[in-house]
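Engineer: Build me a model from this:
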Amino acid sequence: MPAQAAAGTTYYVDAEGGDDTAAGTTESAAWKSLAKASSLTLGPADKLLFRAGQRWSGSLTIQGAGAPGSPALVGSYGAGAKPRIDAEGAADVAVKLVNVHDLTLDGLEVTNWSDSTAPRTGVNLYAKDAGRLENVTLRNLNIHDIDGPGGSWVSAAGLMVSIRGNQTPTYFHNLLIEGNEISKVRSYGLITWSTWSRRNGMTSLYPVETGIPDSEVVTWTPSTGVVIRGNNVHEVTAGGITPMHTKGALIDGNRVDRAASGRLSPKGGNVGIWWQGNDDIVIQRNEVSRTGFNGPGTDGHGFDNDADNNRSLVQHNYSHQNNGGFFLAVSFAAAPTRDTVVRYNVSRDDGYESMAASTATSGTHFLNNTVYATTRVVEVKPPYTGAGKYPLEKIVRLYNNAAGVTVRNNVFVNLAGAGFDTKNNTIYDHNLYWGTERPPTGADHAPVVADPMLAAPGGERAEDYLPLPGSPVRDAGVSPDVDLGAAGIELTGATDYAGVPIPDAAPDLGAFQRAIAPAGVSSSLVPKGHLERLADRDPATFWQSVPKPRLPGTIDLAFGVPRTFSAATVTADGITESEVQVRDGDAWVPLPGTPVTTDRVRLAVKAAGPGPIRINEIALGLPGAREPYKPVPDIKVTTTFQTSPSSTVDALVDGDPGSPWASVAEGVTLPGEFVVDYGRARTISSVTLHTAWAQGQGVTDVSLDTWDGARWVPQAAHHLTNWQESSAKVETSTITPAAPVSTQKLRLTVHQANLLWGNLALYEIAAA
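Structural biologist: From the prediction side, this is the model:
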């Protein structure tokens, strides 16, 4: 017999008609004050209810606990606005819950403001040396106008979950924070942290901000089953949502706007949603916008996978107008962040750097994102220390020793002409580039250079970046990296931004996948029922034959849309000999091991052990590249200019417009020449020059000649480049002959150049 839920007692609090000497157990005998309510120790199924439409000045402490299946409740009764608890800046915390479990806080308005810079908090779920605390829910709260230092102070927040102590391992299990509005906070919007966080190099918990000595910070003991969903956080001076020290947390469907904005401190910055010290966290279906930016090095991104995180999955988010960028992974050597997947997100009009990976991070994978990058310039005004104007400089930026970065299956609409870092053996593979005259595709294994044909580019909704029918993104990608599974990141059952399942074989590029039905399955083996399980994209389901199947036998997959793949994975038991085949005209032939496009696939089962055959899934794949792209070294370039010792002239033809060649800074004489030898004849219709900091070091007057086998033939005389920038933005200038010409070699004669710093520089000479 299941345990009977406790009946519990309901207590009422009425600020206008109550009396603290009354029983408090009926509406007509309600208590009056927060002090009286704070003296109550709640038990299973008890309720502490505040009258709607009323206001209390002061602070409330909630203590006690419910029981599994009989939670205690703190909420409201009657009609009207949420009951308001207003600490008026006189208390550190307006509403504090102490060592509670099996308890729900629901439907209060909370404020704590006196226009002071002292750290203040609205609601604090607090625990110390209390062990495992289960089943706490904080929902439907309106927390606003919370004092604080006006910067980033982890001991102050609108809603804070804080765990102290070092004697009894303490953590929350099944903690739900949902449907709250948190706004106008002079520090964090929503933050969780614990002194049970020491591992690797994380040995402190912001002692300057929290006052917690390092001696109290002990072995990492994460909260589990944490869900933070459906919250609306806006106008806060620090991070919007910051979960720390959890395992398996879900941050889902939240809205964060104008985090790290309105700061009183002229230094530092923060991020819309960032996390630290977590394992296996999932950040999904959130919308983050207009995060503040105080100059390079101060964050300002929509999302940040910070120090000491393992296996983070960031998917299905919409990031827009965040002044520092869309996403950042950052750490430090003693507490590295590893194995991050950023997939099926939409980034619109984010500033400075779209996607970045920094120090001590490894295994950061940017997969199937759609990035719409514009020419918007972010202006940081005094008194912030980073005052200045900042255009978008990089679509992908790599700092220091960031390692194991993969950039695959993305759509980059790059109206800003921003650069792509390629150092540290970064893999670029099967991305689409559009928006600049010559997109930087040289480092990509299989770039697509075409208009992605988006529904309404520049629009304000994520859905405006859906590809239209006929878009070149269709079936142009490769399968997710198998190494991600080895890192412990679950990739089965993946869906796109809109929830469309990702099909077998070649997926679409970008954040949106067109719907493709699973294959129809037929077989010569019996039974015939449940064969659809072999192609349902769920390896947990299976089909099983009769105990003694008649062999040889076949299983046929028929796709409604032709699929491109090069490998097939059969998850099965009992089969000892089989072959995957594809239809070639009128015949079945073995899968060749190279990419093939077909709408029919067969598993020919030739032999099996005793007993039935069990098959979970027949999955088609198109593996991506495992190494950085290395262009064939058949192009040679020489110059009459003396090359700087810190660069190489080969950078001009390495296919990477982000890698510069520069001359020495003294003794540059003009005119001078560059000669590119392709080793064989090729047809050239245009030659594009790539340069950054061009107004300071770019060539300005250039002539183009081609070699006809005996002499140089003029093609364009005194082309003027007209550079516009003096920044890290890579600009292009294209020289176009009167007609396409076949040639093995071309010569650029530089007549004039900007020599502001004494040198000239050129990043790429790209012929098309």
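Engineer: Next, find the distance separating Ser616 from His718.
Structural biologist: Residue 616: Asn, not Ser. Distance of Asn616 to His718, given as CB to CB, to the nearest Å: 68 Å. Glycine gets a C-beta too; all of them are placed from N, C-alpha and C.
Engineer: neighbour count winner among those two?
Structural biologist: The neighbour comparison of Asn616 against His718 (other CB atoms under 10 Å) goes to Asn616, with 19 against 11.
Engineer: partners of the helix or strand encompassing that one, with directions?
Structural biologist: For Asn616, the host element (DSSP states H and E) is strand 614-621. Within its sheet, and counting by DSSP bridges, strand 614-621 is paired with strand 543-544 (antiparallel), strand 567-573 (antiparallel).
Engineer: Which stretch among these is buried most, on average?
Structural biologist: Counting by mean count of other CB atoms under 10 Å, strand 543-544 has the highest mean neighbour count of these, with a mean of 21.
Engineer: after that strand comes which helix or strand?
Structural biologist: Using DSSP H and E, the helix or strand that directly follows strand 543-544 along the chain is strand 553-565.
Engineer: which parts of that following strand are buried?
Structural biologist: For strand 553-565, a neighbour-count test (16 or more other CB atoms under 10 Å) marks Gly553, Ile555, Asp556, Leu557, Phe559, Arg563, Thr564, Phe565 as buried.
Engineer: Now do it: which elements does it pack against?
Structural biologist: Packing partners of strand 553-565 (3 or more CB pairs under 8 Å, 6 or more residues apart in numbering; DSSP states H and E): strand 520-523, strand 596-608, strand 614-621.
Engineer: How about residues contacting the shortest one?
Structural biologist: So that's strand 520-523. Contacts with strand 520-523, where a contact means CB atoms under 8 Å, 6 or more residues apart in numbering, come from 528, 531-532, 534-535, 553-560.
Engineer: right, and Ser152 touches Ile191 too?
Structural biologist: No: using CB atoms under 8 Å, Ser152 is not in contact with Ile191, being 9.9 Å away.
Engineer: okay, and the common contacts of the two?
Structural biologist: Gly239.
Engineer: Past the helix or strand harbouring Asn124, which element shows up next along the chain?
Structural biologist: Asn124 is part of strand 121-128, with elements assigned from DSSP H and E. Sequence-wise, the next helix or strand downstream of strand 121-128 (DSSP H and E) is strand 132-139.
Engineer: Which positions within that following strand qualify as buried?
Structural biologist: Quick answer for strand 132-139 (16+ other CB under 10 Å): Leu133, Glu134, Asn135, Val136, Thr137, Leu138, Arg139.
Engineer: and the nearest residue to Val526 once chain neighbours are set aside, what is it in contact with?
Structural biologist: Excluding the flanking residues, the one nearest Val526 by CB to CB, 6 or more residues apart in numbering is Val546, at 5.4 Å. For Val546, the contact set (CB under 8 Å, 6+ apart) comprises Val526, Pro527, Pro612.
Engineer: just wondering, since we're on the last one, how far is it from Arg602?
Structural biologist: As defined by CB to CB, Pro612 lies at a distance of 20 Å from Arg602.
Engineer: With Phe293 instead?
Structural biologist: In this view, Phe293 and Arg602 are 56 Å apart by CB to CB.
Engineer: Between those two, which has more neighbouring residues?
Structural biologist: The residue with more neighbours, out of Phe293 and Arg602, is Phe293; 26 against 21, by other CB under 10 Å.
Engineer: just checking, the more buried one touches Arg376?
Structural biologist: No: taking CB under 8 Å as the definition, Phe293 is not a contact partner of Arg376, at 11.7 Å.
Engineer: Mutual contacts of those two, please.
Structural biologist: Here Phe293 and Arg376 have Gly351 as joint contacts, going by CB under 8 Å, 6+ apart.
Engineer: circling back to that earlier point, any chance of a markdown table for the buried residues of strand 132-139, columns pLDDT and distance to Gln752?
Structural biologist: Shown next, in a markdown table, are these (pLDDT from 0 to 100; distance: CB to CB, whole Å):
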| residue | pLDDT | distance to Gln752 |
| --- | --- | --- |
| Leu133 | 98 | 73 |
| Glu134 | 98 | 74 |
| Asn135 | 98 | 74 |
| Val136 | 98 | 71 |
| Thr137 | 98 | 70 |
| Leu138 | 98 | 67 |
| Arg139 | 98 | 68 |
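Engineer: Going by distance to Leu175, which of those residues wins?
Structural biologist: Val136 (5.2 Å; CB to CB).
Engineer: got a list of what the closest one touches?
Structural biologist: Per CB under 8 Å, 6+ apart, neighbours of Val136: Leu97, Val100, His101, Asp102, Leu103, Thr104, Leu125, Phe172, Asn174, Leu175, Leu176.
Engineer: was I right about the fifth one contacting Pro71?
Structural biologist: Yes: look at Leu103 against Pro71 with CB under 8 Å: they come within range, at 5.7 Å.
Engineer: quick one: common contacting residues for those two?
Structural biologist: Shared contacts of Leu103 and Pro71 (CB under 8 Å, 6+ apart): Asn135, Thr137.
Engineer: Gly53 should be in a strand, yeah?
Structural biologist: No: counting by DSSP: H, G, I helix; E, B strand; the rest coil, Gly53 is not found in a strand; it is coil.
Engineer: and the gap between the closest residue to it other than its chain neighbours and Phe50?
Structural biologist: Spatial nearest neighbour of Gly53, chain neighbours left out: Gly80 (2.9 Å); criterion: CB to CB, 6+ apart. Separation of Gly80 from Phe50 (CB to CB): 11 Å.
Engineer: Apart from its neighbours in sequence, what residue is nearest Gly470?
Structural biologist: Met453 (6.4 Å).
Engineer: what's the closest of the contacts of Val546 to Ala402?
Structural biologist: Relative to Ala402, the closest of the contacts of Val546 is Pro612; by CB to CB it sits at 49.6 Å.
Engineer: Looking at Gly80 and Phe50, which is more packed in?
Structural biologist: Phe50 (31 against 10).
Engineer: where's the more buried one relative to Val570, distance?
Structural biologist: 62 Å.
Engineer: What of Val218?
Structural biologist: Distance from Val218 to Val570, counting by CB to CB: 48 Å.
Engineer: ok, now Pro628?
Structural biologist: Going from Pro628 to Val570 by CB to CB gives 31 Å.
Engineer: who's in contact with Phe303?
Structural biologist: Listed by CB under 8 Å, 6+ apart, the contact set of Phe303 reads Val271, Gly272, Ile273, Trp274, Ile283, Val288, Val314, Asn317, Ser319, Phe326, Phe327, Leu328.
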